[in-house]
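Novice: take a look and give me a structure for this.
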Amino acid sequence: MSPMRAAGWPGDRELNKTIDAFAKLGVKVMITELDVNVLPSTWDQGSADITHNFALQQKLNPYPDGLPAAIQQQLAARYADLFRVFLKHRDAISRVTLWGVADQDSWLNDWPVHGRTSYPLLFDRQYQPKPAFEAVIKTAQAKAIPASAAKTSEPQTENASR
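Specialist: Down below sits the predicted model:
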């Protein structure tokens, strides 16, 4: 499944339906390239076409000096919502991969607006956990399966010698 591009999209209902549809096909679902953009959108189609670029404007870069606490909490709530859905479908989802570690390394910095500062990941520019990271941990702890009831499975490994 493709990344979650905006703070409220896709909605939980749509996400649940999509995961269910893939699970009914008998395939494992992989959530890949996950990040949550809290900045204003530059267009409606949600494309990742790298040829689309927009001029830097204050309205498109409202937080150049840091994310306000209220927006941090919105980001944390969205990540918690996403992980609640992922945990609900833990039998169908084989992995969740984020599109980076820290905000400073995000592909959304400088694109599609050159000079824009983005905050889509779980760690800040100094690699410190953000409230979103804590929200994911708390969500996972709340949904944890007791060890005695957990299914055992072999850990997935990837062939690094390709």
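Novice: quick one: low-confidence parts of this structure?
Specialist: Across the chain, the ranges flagged by pLDDT under 70 are 1-9, 43-48, 50, 144-162.
Novice: please redo it, this time with the cut-off set to 50
Specialist: For the chain, the stretches with pLDDT under 50 are 1-6, 45, 147-162.
Novice: which stretches in it count as helices?
Specialist: Applying DSSP state H to the chain gives helices spanning 12-24, 69-88, 131-142.
Novice: can you redo those as JSON lines with distance to Gln57 and mean neighbour count?
Specialist: Any C-beta I mention is one placed from the backbone N, CA and C, and that applies to glycine too. Converted to JSON lines, the helices of the chain look like this (distance: least, Cβ to Cβ, whole Å; neighbours: other Cβ atoms under 10 Å):
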{"stretch": "helix 12-24", "distance to Gln57": "30", "mean neighbour count": "14"}
{"stretch": "helix 69-88", "distance to Gln57": "18", "mean neighbour count": "18"}
{"stretch": "helix 131-142", "distance to Gln57": "26", "mean neighbour count": "17"}
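Novice: please name the nearest non-neighbouring residue to Lys28.
Specialist: Distances taken as Cβ to Cβ, 6 or more residues apart in numbering place Ser94 nearest to Lys28, at 3.9 Å, with adjacent residues excluded.
Novice: how much space between the one you found and Ala140?
Specialist: To Ala140, Ser94 is 16 Å away according to Cβ to Cβ, to the nearest Å.
Novice: just Phe133 next, same as before
Specialist: Distance of Phe133 to Ala140, computed by Cβ to Cβ: 11 Å.
Novice: angles on the backbone of the residue nearest to Leu39 when sequence neighbours are not counted, please.
Specialist: Sequence neighbours aside, Ser118 is the residue nearest to Leu39 in space, at 5.9 Å (criterion: Cβ to Cβ, 6+ apart). When read as degrees, to the nearest 10, the backbone of Ser118 gives phi -110, psi 160.
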